[in-house]
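Peer 1: predicted model follows, preceded by the sequence.
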Amino acid sequence: MREPVEVRRQRILAVVESRGAVKVSALADELAVSVVTVRRDVEELARAGRLRRGHGVARPVRDPAGPPAVPAPRGGDPAADGGAVALVVPERHSYLYETLHGARTVLEESGIRIALYLAPQSADAERPLVERALADGARGLLIAPRWRSLLSEELDYGWLADAGVPTVLMERRPRPGSTLHALDSVCSDHWYGTHLAVEHLVSLGHRRIVLAARDDSPTARTVRAAFAEIAAAHPDVEDWTVVLSSPDAAPGPGPSGVGSVPGPGPSGSSGDAPGLDLAALLRERGATAAVLHGDVDALMLVQRLAGSGVQVPRDCSVVAYDDVVAALGSTPLTAVSPPRAEIGRAAAQLLLHRLSGAAGALGPVRRTQVLPELKVRGSAQAITPTMN
């Protein structure tokens, strides 16, 4: 599936803002597009005042401040020993780049040196990066593993638990009772975000709702499971179903692959539909509303609906989940907006607390949840008698 231009440009901005000056050739390699395409994107972004460009380099509008002077050693100062904090996030992941940027801001303001590691999409990519960071003397770790499947997640539990330095998981919540249950983490409350989406649609009179969602990340799996639980228990939801939002939205066969959401229930079902024809599914279920995860899939599905003669929100109300680019479609999408940058800030603050040596720095493990919010933009409307 070809990536929308604006999504690609958002990814360029996220990389530039998180790292400072970046070569156009490096951006092309990372985004897996041609140098000509990236150069054109950079020119358009510079013309719009969203970044600056030089000879083969893209720069943020405001260059990051130089590294602040490290203060003289004193008790409780996490910058005092000069060691780096390793930041490990997946490459080509615009959602988590905002989390990265939030963490980076807090660490830089505290005078902490940052070592950024971008994990490729291959399996078990984070472990060698963390081992390299530790060998280079990293004294703390902020990490958001890709975890495309439950199996890949559980394979990481052992070595992450034995990292040997203060570690905080960002936007990840390990399985309850696992070896990582007692690891500091800061995560969006995606159950609550899903609840916001369902309640918004129900408040508009919708009783038959489809969730088209990914299944290739911890967030995706939480959203799918939460929707099934909420819809099945909601007294005003008459029919619900869960399907894959695109053919590449699942990690493949395995513990968390196709068919991982519980169902069917008395008023709903769960399944997967490669090459999803959402318009046909809406007609089949008599659904008048859809929750779509994530943003890029949501925009593509809305475009396909229009091609099938189904207009949003006239014929189908839509709530997207992620809100990275949901507002940029020809129909700006109402969306559940997790606090991505705040997750990074809170995780960095927690890590600084662990590194400070202050009273309580070795206190109980903290598992922080931050609530998403709903951004209403008009892609969902009250049901009318003509809708069926």
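Peer 2: In hand now; what should we look at?

Peer 1: so what's residue 365 up against?
Peer 2: 182, 183, 184 (C-beta atoms under 8 Å, 6 or more residues apart in numbering). C-beta: built from backbone N, CA, C; applies to glycine.

Peer 1: neighbour count and secondary structure for those - can I get that in a markdown table?
Peer 2: Compiled in a markdown table, the contacts of residue 365 are given as follows (neighbours: other C-beta atoms under 10 Å; DSSP: H, G, I helix; E, B strand; the rest coil):
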| residue | neighbour count | secondary structure |
| --- | --- | --- |
| 182 | 12 | coil |
| 183 | 20 | coil |
| 184 | 20 | coil |
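
Peer 1: what about the helices in the stretch 1-150 of the chain?
Peer 2: 5-19, 24-31, 35-47, 94-109, 126-135, 150-161 (DSSP state H, counting those that start in this stretch).

Peer 1: now swap in the stretch 201-350 of the chain and tell me
Peer 2: Using DSSP H, counting those that start in this stretch, helices in the stretch 201-350 of the chain cover 218-233, 278-285, 295-307, 340-355.

Peer 1: flag whichever of the contacts of residue 365 scores worst on pLDDT.
Peer 2: Among the contacts of residue 365, residue 182 carries the lowest pLDDT, at 86.

Peer 1: tell me how far that one lies from residue 98.
Peer 2: Distance, residue 182 to residue 98, by C-beta to C-beta, to the nearest Å: 27 Å.

Peer 1: in the stretch 151-300 of the chain, which spans are strands?
Peer 2: With DSSP state E, counting those that start in this stretch as the criterion, the stretch 151-300 of the chain has strands at 167-170, 185-188, 208-213, 239-244, 268-270, 289-293.

Peer 1: and residue 368, what element?
Peer 2: strand 367-370 (DSSP states H and E).

Peer 1: helices and strands around that strand, which ones?
Peer 2: strand 185-188, helix 340-355 (3 or more C-beta pairs under 8 Å, 6 or more residues apart in numbering; DSSP states H and E).

Peer 1: tell me who's in contact with residue 371.
Peer 2: Per C-beta under 8 Å, 6+ apart, neighbours of residue 371: 188, 189, 192, 193, 339.

Peer 1: just say helix, strand or coil for the nearest residue to residue 317 once chain neighbours are set aside.
Peer 2: Nearest non-adjacent residue to residue 317, counting by C-beta to C-beta, 6 or more residues apart in numbering: residue 380, 3.7 Å away. Three-state call for residue 380 (DSSP: H, G, I helix; E, B strand; the rest coil): coil.

Peer 1: residue 380 contacts residue 202, doesn't it?
Peer 2: No. Counting by C-beta atoms under 8 Å, residue 380 stays clear of residue 202, with 10.8 Å between them.

Peer 1: so these two - more neighbours on which side?
Peer 2: Each of residue 380 and residue 202 has its neighbours counted (other C-beta atoms under 10 Å); residue 380 has more, 26 against 18.

Peer 1: may I have the phi/psi pair for residue 356?
Peer 2: Phi and psi for residue 356, reported as degrees, to the nearest 10, are phi -70, psi -30.

Peer 1: list the residues that contact residue 348.
Peer 2: Here residue 348 is in contact with 85, 102, 103, 104, 105, 106, 107, 142, 168 (C-beta under 8 Å, 6+ apart).

Peer 1: farthest pair in those residues?
Peer 2: Farthest-apart pair in the contacts of residue 348 is 105 and 168; separation 15.4 Å (C-beta to C-beta).

Peer 1: hmm, back to that, what mean pLDDT does the strand holding residue 368 have?
Peer 2: Strand 367-370 comes out at a mean pLDDT of 94.

Peer 1: within its sheet, name the partner strands of the next helix-or-strand element following it and how each one runs.
Peer 2: Next in sequence after strand 367-370, counting helices and strands by DSSP H and E, comes strand 373-375. Paired neighbours of strand 373-375 in the sheet (DSSP bridges): strand 334-337 (antiparallel).

Peer 1: right, I'll leave it there.
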